[in-house]
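Participant: quick check, what structure comes out for this input:
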Amino acid sequence: MKSYYIKIAENNSNFDEIKNNVLNSKSIGICFKIKNIPLIKGNEDHLKIMCQELIEDDNWNHSFNCYNKFINKMENDDILFLCQGENKILYMCQIDGDYFFDKENRYPHRRKIKNICEFNCTTDKRMIQTIYNVEPL
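Facilitator: Numbering: from 1, shown residues only. Take a look at the predicted model:
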């Protein structure tokens, strides 16, 4: 079992709305400039090509790494720490399903989550990106 830090959303005026959506839908989502196209689980080479073709800047590799973790590396029952800003952890939960695409959602690339519980702490890890592996102690 692995553990990840994942930001719920950008830390702006929409954060609480998106956080409530995550908690109510029991699913977490991401979106890096590929908003209208479902991605394919299991084929990292295909995912890399899609990111190169669809993301029109030099940051496609960062997006690929996040999508790849979210879609291909995270497994059912892995631990997620749902975060806000650079170092605030709000909730702990577990992955509860494979990647799915929800075109109606602001963050359409999604995973179901379960066993959501408040965690409320601060980490020394400064999180600039969306997803990080939690390093074992």
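
Participant: top strand in this structure by residue count?
Facilitator: Longest strand in the chain by number of residues (criterion: DSSP state E): strand 109-122.

Participant: packing partners of it?
Facilitator: strand 27-30, strand 79-84, strand 88-95, strand 100-101 (3 or more C-beta pairs under 8 Å, 6 or more residues apart in numbering; DSSP states H and E). C-beta here means a position set from N, CA and C on the backbone, and glycine is covered the same way.

Participant: so where's the protein uncertain?
Facilitator: 137 (pLDDT under 70).

Participant: got the helices and strands packed on strand 109-122 as a markdown table, with mean neighbour count columns?
Facilitator: Converted to a markdown table, the helices and strands packed on strand 109-122 look like this (neighbours: other C-beta atoms under 10 Å):
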| stretch | mean neighbour count |
| --- | --- |
| strand 27-30 | 22 |
| strand 79-84 | 21 |
| strand 88-95 | 19 |
| strand 100-101 | 14 |
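
Participant: minimum distance to residue 64: which of these has it?
Facilitator: strand 27-30 (12.2 Å; C-beta to C-beta).
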